[in-house]
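> compute the structure for the input listed below.
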Amino acid sequence: MDHAMHVAAILRNDAFRWHLLGVVAELDLPDCWIAAGFVRNAVWDSLHKRSESPVLGDVDVVWFDRNCSDPARDRAIEHTLHTTEPTIDWSVKNQARMHIRNGDAPYQSATDAMRHWPETATAVAAKRVCSDECEIASPLGLDDLIGLVLRPTIKFTVQKRSIFEERVRSKAWRRKWPMLKCEAS
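Next up is the predicted model:
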């Protein structure tokens, strides 16, 4: 089984995550995914042989539409999601404007935006398609995620290294998932 199929199978076999992917799919937003810890944590839990994989923290919904980059639209989507599934702390961000906050050139898509995230294993997203299939986006590949490797992306290797290091420390990933290996890159 290839890595994308493996990640999709993990999400499909997690009833709650599969439900949340369906909730987001119903919004029918352009280039829309659930990303980051939602996928990463499920995979790390599976690789650590944990039967329960609770959804921790916020659930990051990323989408891309240059014609609708007003932050108020994100807040309205969060409200809709919270009404549908109030147990979740939804975080919705149109990636068409996030380059400004991050000091990058404009992103071309939600997937392109993920290339600029701090860790390779976090730059992953999923969406439900055709109601029963799962598509995986991983612009930096899935080797580090599946290999339990915590590695900074290129920009966070040198220019923003302290941000990567602080995330590793504050999120205590290596304590929660002791098989993780931290690579300097």
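
> for the longest helix belonging to the chain, what does the pLDDT average out to?
For the chain, the longest helix by residue count, based on DSSP state H, is helix 71-84. The pLDDT scores in helix 71-84 average 97.

> and it, what other elements does it pack with?
The elements that helix 71-84 packs onto, with contact taken as 3 or more C-beta pairs under 8 Å, 6 or more residues apart in numbering; DSSP states H and E, are helix 15-25, strand 89-94. Any C-beta I mention is one placed from the backbone N, CA and C, and that applies to glycine too.

> and the angle for the shortest one with helix 71-84?
When you say that, I think you mean strand 89-94. Angle, strand 89-94 to helix 71-84, by axes from the mean of the first three to the mean of the last three C-alpha atoms, to 10 degrees: 150 degrees.

> helix or strand: which one has the nearest residue to I88 once chain neighbours are set aside?
Once flanking residues are discounted, I88 sits nearest to V59: 5.2 Å by C-beta to C-beta, 6 or more residues apart in numbering. In this assignment (DSSP states H and E), V59 forms part of strand 58-63.

> thinking again about what came up before, what comes up buried for the longest helix of the chain?
74, 77-78, 81 (16 or more other C-beta atoms under 10 Å).

> with stretch 89-104 instead?
90-99.

> any idea of the mean pLDDT in it?
Per-region confidence: stretch 89-104 scores 93 on mean pLDDT.

> that older thread, if we look at the longest helix of the chain, which residues are touching it?
For helix 71-84, contacts defined as C-beta atoms under 8 Å, 6 or more residues apart in numbering pick out 23-24, 26-27, 29, 61, 88, 90-94, 97.

> any idea how far V92 is from G147?
30 Å (C-beta to C-beta, to the nearest Å).
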